[in-house]
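**Student:** pasting the sequence and the predicted model now:
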Amino acid sequence: MLVFAIMLAQGGIETRELAARLRDYVRSSLHVSLELAPWANVGSLPVFLAKEFGYVHGRLLSANCVFVLVGPEADMTPAELGRRHDSLKRATDDVIIFTFDHMSSCNRARLIERAVPFVVPGNQLYVPSLAADLREHFRARPPGAEDHLSPAAQVVTLRHLLLLGHDDWSPGQLAKDLQYSAMTVGRAFEELASHRLARIEPRGRSKYLAFEADPAETFAGVRDLLRSPVIASHYFTSRPLPEGSAGFHVPARLPLGGLTALSERSMIASSGVRHFAVGPADWKALRDDKNLSEVAIAEDGQFALDVWRYDPVVVTGERKTDPLSLYLQFREDSDERVVSAARHLLEPYPWFQDQIGSEPTSRAWKTAMP
């Protein structure tokens, strides 16, 4: 029996499951065992690389390989992954193989153009140095998620709905405000156009995205494509702060999240543990903070960090979680009182009301695209 015990300092349950699927995929596709272990040389990497991914080591087709586990919060272009590959190659002679849970066919083609080795367990293994190119059916999204928007596309949509009349942004300003690269914003616009939620209009050297339906119809069309922003909640205890201070070792800029945020805007009671909302970048920093200790049992925690798929403050630019994201977090909660409170957050927005059969306005809602 294959012994498989991986303790990833960088990763959570998503990367552990990804490593397990990688092992099973290699065994079923190549009919060989892949024994994985934590990569011993992580400490020799630059700090940003060591924290950015999970790393496991194993032998594949008689070659020593480092499998770079790319978590769901990563948002990198093929060019950026190519640069990461070059940096890792300078640190080891082993074969570097990026490992993804899912990947679009467009990004797959771009990685192949750059000869960057990768594997998507259950779909494809591409390692040119080992003459390996296994192709099966290729899925752009994991099972049950093929009809969900990407984080960037969801942010663009939420921003459009919440900031009506303020969506004629310049390309550079939009990318800056959303804290994404211009390429990521462009891909988000293409994704929205592919779902027929909007159309792309070339204007000179730029392109613009036009939401043509009125906001009520836009929300009705996108409702099922939106998902909860929260990937997971992690509970922590904190070292005592210096005498005379109060709170925890968390940045004061972090917005409240979860039931804590909902309780401050409704009549719903908060849970006993204070929740903060964190985006991917803040989560990477806080999970390695020596002043914080994660606990397995929620009741043992002093506070919780709700890890979001996107930065919780970029949708509206305010230092608080936006109401539409909070609604998406709780719209399927098992407690009807919580669901009702979440719906109450959106009652001030006319587009949230059930307006079946309403006619679209003649105005096209415009958003600039790189």
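**Tutor:** Happy to help now that I have it. Computed from a prediction, not measured in an experiment: that's the story for all the values here. Numbers count the residues shown, from 1 in each chain.
**Student:** ranges for the strands of the stretch 151-300 of the chain?
**Tutor:** Here the stretch 151-300 of the chain has its strands, by DSSP state E, counting those that start in this stretch, at 199-203, 206-211, 230-238, 274-278, 292-295.
**Student:** dump the ones you listed into CSV; add mean neighbour count, mean pLDDT and distance to Leu286 as well.
**Tutor:** For every residue, glycine as well, the C-beta is placed using N, CA and C. Shown next, in CSV, are the strands of the stretch 151-300 of the chain (neighbours: other Cβ atoms under 10 Å; pLDDT from 0 to 100; distance: least, Cβ to Cβ, whole Å):
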stretch, mean neighbour count, mean pLDDT, distance to Leu286
strand 199-203, 12, 78, 37
strand 206-211, 20, 78, 34
strand 230-238, 18, 88, 8
strand 274-278, 23, 92, 6
strand 292-295, 15, 83, 6
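**Student:** what's the closest non-adjacent residue to Ala40?
**Tutor:** Spatially, and ignoring its direct neighbours in sequence, Ala40 is nearest to His57 (7.1 Å; Cβ to Cβ, 6 or more residues apart in numbering).
**Student:** what's the helix or strand for that neighbour?
**Tutor:** Assigned by DSSP states H and E, His57 belongs to strand 54-60.
**Student:** can you list the residues that contact that strand?
**Tutor:** Contact with strand 54-60 is made by 6, 8, 10-11, 15, 18-19, 26, 30, 32, 34-40, 42, 64-69, 71, 94-95, 97, 127, 130, as judged by Cβ atoms under 8 Å, 6 or more residues apart in numbering.
**Student:** from the residues you listed, which land in helices?
**Tutor:** Counted as lying in helices by DSSP state H, out of those, are Thr15, Leu18, Ala19, Val26, Leu30.
**Student:** tell me which of those is nearest to Leu326?
**Tutor:** Thr15 (27.2 Å; Cβ to Cβ).
**Student:** give me the pLDDT for that closest one.
**Tutor:** We note a pLDDT of 66 for Thr15 in this prediction.
**Student:** Arg84 reaches Phe48, doesn't it?
**Tutor:** No. Assessed by Cβ atoms under 8 Å, Arg84 is found out of contact with Phe48, at 9.6 Å.
**Student:** the more surrounded of the two?
**Tutor:** Neighbours per residue (other Cβ atoms under 10 Å) separate Arg84 from Phe48, with Arg84 holding more: 21 against 10.
**Student:** distance check, that one against Leu111.
**Tutor:** The gap separating Arg84 from Leu111 is 11 Å, by Cβ to Cβ, to the nearest Å.
**Student:** please apply the same query to Lys176.
**Tutor:** Distance, Lys176 to Leu111, by Cβ to Cβ: 27 Å.
**Student:** if you count surrounding residues, which of those two has more?
**Tutor:** Leu111 (21 against 13).
**Student:** what pLDDT, on average, does the one helix or strand that one maps to get?
**Tutor:** Assessed by DSSP H and E, Leu111 sits inside helix 105-113. Computed over helix 105-113, the mean pLDDT rounds to 84.
**Student:** quick one: low-confidence ranges for the stretch 201-350 of the chain?
**Tutor:** 241-248 (pLDDT under 70).
**Student:** can we see that at 50?
**Tutor:** Residue ranges of the stretch 201-350 of the chain with pLDDT under 50: 244-246.
**Student:** sorry, back to before: among the contacts of strand 54-60, which are located in strands?
**Tutor:** Residues of those located in strands (DSSP state E): Ala37, Pro38, Asn64, Cys65, Val66, Phe67, Val68, Leu69, Val95, Ile97, Val127.
**Student:** residues near the residue nearest to Ala40, how many?
**Tutor:** His57 sits with 18 neighbouring residues when counted by other Cβ under 10 Å.
**Student:** name whatever forms a beta bridge with it.
**Tutor:** Per DSSP bridges, the residues bridged to His57 are Ala37, Val66.
**Student:** distance of it from Gly257?
**Tutor:** Distance from His57 to Gly257, by Cβ to Cβ: 36 Å.
**Student:** quick one: closest of the strands of the stretch 151-300 of the chain to Arg223.
**Tutor:** Here strand 206-211 is closest among those (Cβ to Cβ), at 14.4 Å.
**Student:** elements contacting that closest one?
**Tutor:** Here strand 206-211 is seen to pack against helix 182-194, strand 199-203, strand 365-369 when contacts are counted using 3 or more Cβ pairs under 8 Å, 6 or more residues apart in numbering; DSSP states H and E.
**Student:** let's see it at 10 Å
**Tutor:** Here strand 206-211 touches helix 151-162, helix 171-178, helix 182-194, strand 199-203, helix 215-222, strand 365-369, going by 3 or more Cβ pairs under 10 Å, 6 or more residues apart in numbering; DSSP states H and E.
**Student:** got CSV for these, with distance to Asp101 too?
**Tutor:** Listed next are the helices and strands packed on strand 206-211 as CSV, based on distance: least, Cβ to Cβ, whole Å:
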stretch, distance to Asp101
helix 151-162, 14
helix 171-178, 23
helix 182-194, 18
strand 199-203, 28
helix 215-222, 23
strand 365-369, 27
